[in-house]
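Here is the input, now give the coordinates:
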Amino acid sequence: MPPALALFIRVALTMKRERVTNVYSGHVQGIGFRYAVKILTNSFEVTGTVRNLPDGRVELVAESAKEELEAFLKAIRDSDVGPFIRQEQARWSEAQNDFRGFEITH
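So this is what the prediction gives:
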């Protein structure tokens with residue numbers, strides 16, 4: 001096995017993936033929030049979904065290494081949609097690895 005491949009496999013096996021379910025409230029619907037989150041995923045190694053909830057909140061479910069997820073959540077807060085967020089509720093759990101890519105769902 002080539003050394004670079006062996007290193008990649010070792011790193012991949014030691015990187016523990018986690019899942020964060022983050023619910024945003026505030027003026028987060030009708031402003032392009034989900035689209036902005038989807039665009040931000042291009043800069044991060046995350047998989048998951050973002051969707052509007054019937055009560056006016058937005059739910060984000062994302063999986064990656066914890067450090068990557070924390071940076072992703074910070075990037076959302078620091079983005080153009082950040083000022084519209086009044087509150088966030090994050091719930092962390094083990095990754096279920098059931099996502100391929102990142103999608104806006106309805």
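
For beta bridges, what are the partners of the residue lying closest to residue 77 once chain neighbours are set aside?
Distances taken as Cβ to Cβ, 6 or more residues apart in numbering put residue 85 closest to residue 77, at 6.5 Å, once the chain neighbours are dropped. No exception for glycine: its C-beta is placed from N, CA and C like everyone else's. With DSSP bridges as the criterion, residue 85 is bridged to residue 26.

Give me the neighbour count for residue 85.
Number of residues near residue 85 (other Cβ atoms under 10 Å) recorded here: 17.

how near is it to residue 75?
Going from residue 85 to residue 75 by Cβ to Cβ, to the nearest Å gives 12 Å.

For the residue nearest the centre of the chain, which non-adjacent residue is spatially closest?
With distances taken as Cα atoms, centre = their mean, residue 62 lies nearest the centre of the chain, 3.7 Å away. Distances taken as Cβ to Cβ, 6+ apart put residue 48 closest to residue 62, at 3.6 Å, once the chain neighbours are dropped.

Parallel or antiparallel, which strands does the helix or strand harbouring residue 62 pair with?
In the assignment (DSSP states H and E), residue 62 maps to strand 58-65. When pairing is defined by DSSP bridges, strand 58-65 lines up against strand 17-26 (antiparallel), strand 47-52 (antiparallel).

picking that back up, the residue nearest to residue 77 contacts residue 26, correct?
Yes: Residue 85 is within contact range of residue 26, at 4.9 Å (criterion: Cβ atoms under 8 Å).

In this structure, where is pLDDT below threshold?
The model of the chain has pLDDT under 70 over residues 5-15.

could you redo the last one with a cut-off of 50?
Flagging of the chain using pLDDT under 50 yields the residue ranges 14.
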